[in-house]
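Trainee: 3D model of this:
(one chain, ligands or ions: 1)
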Amino acid sequence: MSDPIGRIAELQAEIRRHDYHYYVLDDPLIDDADYDRLWRELADLEEKHPDSVTLDSPTQRVGAAVSELFSPVQHLRPLFSLDNAVSGTELDAWEQRLVRLLGRSPEEYVCEPKIDGLAVVLTYREGSLTVAATRGNGAVGEDITANLRTLYSVPLRLLGNHPPSLLEVRGEVYMTLDGFEELNRTRREAEQRPFANARNAAAGSVRQKDPRVTASRALEIWVYQAGVIRGGPTLRRHSDVLAYLRSLGLRVNPKHKTAPGLEEVKAYVKQMLDEHHALPYQTDGVVIKVDSLADQDELGATARAPRWAVAYKFPPQERETTLLDIRINIGRTGAATPFAVLEEVFVGGANVKMATLHNEEQVRLKDVRVGDRVVVRRAGDVIPEVMGPVLTGEEDRSPPWEMPSRCPSCESPIERPEGEAVARCTGDLTCPSRLREWLFHFSSRGGMDIDGLGYKKVKQLTEKMSKDQFEDLKKKEFKELSMELIANPAIRSPADIFFLEPSIFEWRKGWRDKSIRNLLGGIEAARHRPLWRLLVALGIRHVGPGGARLITARYRSMDQIADATREDLAAIDGVGETIARSVREWMDDPDNRELIAKLGQGGVSLADPEPESHVPPTLAGLSLVVTGGLQSMNREAIRQTILARGGRSVSSVSGQTSALVVGASPGASKLSKAEQLRTPILNEEQFLALLESGPAGILPN
Ligand code: IVH
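Mentor: Numbering: from 1, shown residues only. Sure, this is the predicted structure:
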């Protein structure tokens, strides 16, 4: 090598260019192996010529700088905060103020995603990164140079041959959401406390004593503002500043957009509101800035924030609040689910007082304890969730939560069988909580659909009356009230619903003639529901409406189902082993058989009526595919008709298919498949003939 020093400079520039394309533009020019080769060549040369190693060499990211970690750094210009807007009206008010101050409306705005990470300041002198600092109080931050040097999206040296003599840029360091998930997963595995959200994880990662830890975290940066540019081109617009920063190799978010007026700004906000969930990083709003730098100067700043920018905040999806208590819910199957009782907060567009904690293991891993400050998340329609505690390390914490040993509802022991994730109340349906959840499921829309029996009514009718309530009632109007009433709730099993007497409502709160009549009407209607609804309502594991319909298409009464073997059930097309085993187990439990008998005594129909006329099994042994629309019946009717005549209705053409029935606008792939396999093709008329008289003369033998 004739000029190793020259080669070092060449390799540095080459690697920088590849880093820029890979980490900033996300558009690599060469593959990893070629990149590694360049890197090793540089590292070898630098080892032989230590005097030529500069701090901004690509090899010097980790462990090179003498760490002045966390010593104070005075910012060249103070960092401001941003004023917030939370509605279109507040944006209008912001613009009106601009118009008042400028005497006209600004020509253009720039909209940018508001990144939910932590603000940092990077200083480049003569093109090399000299200092990286946190925002701190806006005037003075902390030195995090050694840590930020480990981020590949932070260039150690700016691109190009004529960097500005001094550049101070601001940006947001964040953790990618994938990186955050992954980090929490490994932390859980290592029995370490997971981070509550990506922002906390980013902040924690940047404030590490050992830069190697920072280097191992999925941190990236978006830069969004220049504080000082000395010795660079004259720029008149913020959008030009962003383009310039990008040309220097700094990572500028490509999602920013100029907008000529507030209408376009609002459209951008609306679009981001819809789309930001899908971004690979966390955002909490849109920052809107006046584009003209002259206008920015003229508008200036208040003590706290510039007048030329505003943050449109999305409704917060995460908030901090106090965890007041951890309680458990007992579900229909007895599963004990811990949930958090919270000091009320407005989050994700609603007031939240309770949030799920999923299960015992999650509480342990998140290590949330009563009295902690916690992060609560409510995103979209998802149920609110406690993410984790926010700890300073100074607080006196209560002991770790433990699953109660007894059910809060029935006091039966709560047990978690070996190897299972879920602890359960062992109290069967003597547990009021379990009974309530089951009854609610039983009478719900998807089950027996009992009109007039909503959650509140179910709750009331499954609760025992308190002694005080009883004494009170007795004193007032109901002298004859018997002690039995407080010993037992009105409903102790789904069957009891069908034995309710109007008299039990007389002295209960919230029942009027109309609601009683409504409920009794609903109960009467429920006696005549098709059998599949009853099967679903019974809450047999794995049996949903689909499975229930398949079973009741084969077996038309509860007796037949109860007599069917597991093999019989599993042989039903679409049912399978899991459902079959579950149904069999349920039917083998004498309590359940008793329940069915009692439902029958209560007048509940335990069989579907026989089909009116006997349908001949003209399609026995045939397997049909229908494509396109038929004149005489819709999709479901076609399916039912084929099934009723002993045939199979399948969705794709194969070697087993007996015929393809073709209606209007058929699927091209089915047709060509059938042609390829020489499957007989029938039109609607031929299909009707087949239904009527079977395959003879219509299909080949
Ligand atoms: S500009 C004077 N642009 O939001 C204006 N800030 O609430 C300075 N932030 O401390 C900020 N994304 O940490 C700006 N595209 C963006 C931003 C952004 C996130 C943060 C920044 C700032 C905070 C203000």
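Trainee: So in this structure, where's the weakest helix or strand by average pLDDT?
Mentor: helix 484-487 (a mean of 68; mean pLDDT, DSSP states H and E).
Trainee: The very next helix or strand once past it: which residues count as buried?
Mentor: The first helix or strand that comes after helix 484-487 along the chain, using DSSP states H and E, is helix 513-526. Using 16 or more other Cβ atoms under 10 Å as the test for burial, helix 513-526 gives 516, 519, 522-523, 526. (C-beta placed from N, C-alpha, C; glycine too.)
Trainee: Can you dump the C-alpha atoms of the helix or strand that comes right after helix 513-526 in PDB for me?
Mentor: Next along the chain after helix 513-526, taking DSSP H and E as the criterion, comes helix 531-537. Extracted as PDB, the C-alpha positions of helix 531-537 are listed here (Å, rounded to 0.1, in the frame of the first residue of the first chain):
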ATOM      1  CA  LEU A 531     -80.900 -26.100  19.500                       C
ATOM      2  CA  TRP A 532     -77.600 -24.600  18.300                       C
ATOM      3  CA  ARG A 533     -78.300 -21.500  20.400                       C
ATOM      4  CA  LEU A 534     -78.700 -23.600  23.500                       C
ATOM      5  CA  LEU A 535     -75.500 -25.400  22.800                       C
ATOM      6  CA  VAL A 536     -73.600 -22.100  22.500                       C
ATOM      7  CA  ALA A 537     -75.300 -20.700  25.600                       C
END
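Trainee: Can you name the residues of this protein that neighbour the ligand?
Mentor: Taking Cβ under 6 Å from any ligand atom as the test, the list of the chain residues beside the ligand reads 80-82, 112, 114-115, 119, 135, 172, 224-225, 287, 306, 309, 311.
Trainee: out of these, who's nearest R533?
Mentor: K114 (49.7 Å; Cβ to Cβ).
Trainee: Name the helix or strand for the nearest residue to that closest one once chain neighbours are set aside, please.
Mentor: Using Cβ to Cβ, 6 or more residues apart in numbering and skipping the chain neighbours, the partner closest in space to K114 is G285 (4.0 Å). Using DSSP H and E, G285 sits in strand 283-290.
Trainee: Neighbouring strands - and their directions - for that strand?
Mentor: Next to strand 283-290 in the sheet, as set by DSSP bridges, lie strand 109-115 (antiparallel), strand 309-313 (antiparallel).
Trainee: G629 and the ligand, how far apart?
Mentor: Relative to the ligand, G629 is positioned 52 Å away (Cβ to the nearest ligand atom, to the nearest Å).
Trainee: To what extent is that residue buried, counted in neighbours?
Mentor: 14 (other Cβ atoms under 10 Å).
Trainee: Is the residue of the chain found nearest the ligand part of a helix or strand, or is it coil?
Mentor: Across the chain, no residue is closer to the ligand than A119, which sits at 3.2 Å (Cβ to the nearest ligand atom). Secondary structure, DSSP: H, G, I helix; E, B strand; the rest coil: A119 is strand.
Trainee: so where's the protein uncertain?
Mentor: Applying pLDDT under 70 to the chain flags the ranges 1, 63-68, 379-382, 477, 481, 484-486, 611-613.
Trainee: For stretch 466-485, output the C-alpha coordinates as CSV.
Mentor: Extracted in CSV, the C-alpha atoms of stretch 466-485 (Å, rounded to 0.1, in the frame of the first residue of the first chain):
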residue,chain,number,x,y,z
SER,A,466,-78.1,-8.7,52.6
LYS,A,467,-79.6,-9.2,56.1
ASP,A,468,-80.1,-5.4,56.4
GLN,A,469,-82.0,-5.2,53.1
PHE,A,470,-84.2,-8.1,54.3
GLU,A,471,-85.0,-6.5,57.7
ASP,A,472,-85.7,-3.3,55.9
LEU,A,473,-88.2,-4.8,53.5
LYS,A,474,-89.9,-6.8,56.2
LYS,A,475,-90.4,-3.7,58.3
LYS,A,476,-91.8,-1.7,55.4
GLU,A,477,-94.3,-3.6,53.2
PHE,A,478,-93.5,-7.2,53.1
LYS,A,479,-94.2,-8.6,56.5
GLU,A,480,-94.6,-12.1,55.1
LEU,A,481,-91.1,-12.2,53.5
SER,A,482,-89.4,-15.5,54.4
MET,A,483,-85.9,-16.0,55.6
GLU,A,484,-85.3,-18.3,52.6
LEU,A,485,-85.0,-15.3,50.4
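Trainee: circling back: the residue nearest to the residue of the chain closest to the ligand when sequence neighbours are not counted: what's it in contact with?
Mentor: Of all residues not flanking A119 in the chain, R135 sits nearest, at 3.9 Å (Cβ to Cβ, 6+ apart). Applying Cβ atoms under 8 Å, 6 or more residues apart in numbering, we find R135 in contact with 79, 118-121, 141.
Trainee: of all the residues you listed, which comes closest to E344?
Mentor: Of the contacts of R135, the one sitting nearest to E344 (Cβ to Cβ) turns out to be L118, at 28.2 Å.
Trainee: Need the nearest residue in space to the closest one, chain neighbours excluded.
Mentor: A203 (5.0 Å).
Trainee: Quick check: the one you found touching V120?
Mentor: No. Between A203 and V120 there is no contact under Cβ atoms under 8 Å: 10.6 Å.
Trainee: Compare these two (neighbour count), which wins?
Mentor: Ranked by neighbour count (other Cβ under 10 Å), A203 and V120 place V120 first, with 25 against 17.
Trainee: Not counting its neighbours along the chain, what's nearest that one?
Mentor: V173 (5.2 Å).
Trainee: returning to that earlier point: where's the residue nearest to L118, which helix or strand?
Mentor: A203 belongs to helix 198-206, assigned by DSSP H and E.
Trainee: got it, and N253?
Mentor: Under DSSP H and E, no helix or strand contains N253.
Trainee: ditto for V62
Mentor: Going by DSSP H and E, V62 is not in any helix or strand.
Trainee: my read is R217 is in a helix, agree?
Mentor: No. The assignment for R217, made by three-state DSSP, is coil rather than a helix.
Trainee: which residues touch it?
Mentor: By Cβ under 8 Å, 6+ apart, the contact set of R217 is 175, 179, 183, 201-202, 205.
Trainee: if we go to 6 Å?
Mentor: S205 (Cβ atoms under 6 Å, 6 or more residues apart in numbering).
Trainee: need the next SSE after the strand holding G285, C-terminal direction.
Mentor: Assignment by DSSP H and E places the next element after strand 283-290 at helix 293-299.
Trainee: residues in contact with that next one?
Mentor: For helix 293-299, the external contacting residues (Cβ under 6 Å, 6+ apart) are 101, 106, 236, 290, 307-308.
Trainee: And it, what's buried?
Mentor: Result for helix 293-299 [16+ other Cβ under 10 Å]: buried residues 293, 295-296, 299.
Trainee: can you list those in CSV and add distance to D325?
Mentor: Output for these, formatted as CSV (distance: Cβ to Cβ, whole Å):
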residue, distance to D325
L293, 54
D295, 53
Q296, 50
L299, 49
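Trainee: follow-up on the earlier one: now do whichever helix or strand the residue nearest to V120 is part of: distance to the chain's middle.
Mentor: For V173, the host element (DSSP H and E) is strand 166-175. Distance of strand 166-175 from its chain centroid, counting by Cα atoms, centre = their mean, to the nearest Å, is 30 Å.
Trainee: what are the pairing partners of that strand, and which direction each?
Mentor: In its sheet, and by DSSP bridges, strand 166-175 pairs with strand 118-125 (antiparallel), strand 219-230 (antiparallel).
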